[in-house]
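Colleague: Make a model of this:
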Amino acid sequence: MFDIDANRSVSILSGPDPVSRRLGLAAVGTGKILSTWFVKNGNSPATGGLSLITYDVSTHAASEHNLLTGLAKPVGVAVQDDAVFYRIRLTT
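Modeller: From the prediction side, this is the model:
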């Protein structure tokens, strides 16, 4: 994950799990991001969730807190007021 500031300076956020494949991101305040993610190991089904990532805008140090786990493969997230919507990929 990267932070791109108003001057177009790019910084890597340290802390979030690098194994997680992130498909949806929504900014919810300064230094706060909601992220949908999943992990795929071999032939096992994908498992994922929704996390809150908080980071320091000056040091780019981040921490991740899982809000919801046990999702198959969440692929997007949207926020409206105090409601969070996420989309999962359905497979047949």
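
Colleague: pLDDT score assigned to the closest residue to residue 55 other than its chain neighbours?
Modeller: Of all residues not flanking residue 55 in the chain, residue 62 sits nearest, at 3.7 Å (CB to CB, 6 or more residues apart in numbering). Glycine gets a C-beta too; all of them are placed from N, C-alpha and C. Residue 62 is assigned a pLDDT of 91 by the prediction.

Colleague: Check residue 88 too.
Modeller: 65.

Colleague: low-scoring stretches of this structure, by residue?
Modeller: Along the chain, segments meeting pLDDT under 70 span 88-92.

Colleague: just so I have it, where are all the strands in it?
Modeller: 2-4, 10-12, 21-29, 32-39, 47-55, 62-71, 74-80, 83-88 (DSSP state E).

Colleague: could the ones you listed be laid out in a markdown table, adding mean neighbour count?
Modeller: Shown next, in a markdown table, are the strands of the chain (neighbours: other CB atoms under 10 Å):
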| stretch | mean neighbour count |
| --- | --- |
| strand 2-4 | 11 |
| strand 10-12 | 11 |
| strand 21-29 | 14 |
| strand 32-39 | 20 |
| strand 47-55 | 19 |
| strand 62-71 | 13 |
| strand 74-80 | 16 |
| strand 83-88 | 14 |
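
Colleague: so the residue nearest the centre of the chain bridges to which residues?
Modeller: Compute the mean C-alpha point of the chain, and by CA atoms, centre = their mean the closest residue is residue 35, 2.0 Å away. Beta-bridge pairing for residue 35 (DSSP bridges): residue 25, residue 51.

Colleague: these two touch, right, it and residue 48?
Modeller: No: using CB atoms under 8 Å, residue 35 makes no contact with residue 48, being 10.1 Å away.

Colleague: Check the contact lists of those two and give me the overlap.
Modeller: residue 20 (CB atoms under 8 Å, 6 or more residues apart in numbering).

Colleague: isn't residue 50 right next to residue 38, touching?
Modeller: No: Residue 50 is beyond contact range of residue 38, at 10.7 Å (criterion: CB under 8 Å).

Colleague: quick one: common contacting residues for these two?
Modeller: 71, 74.
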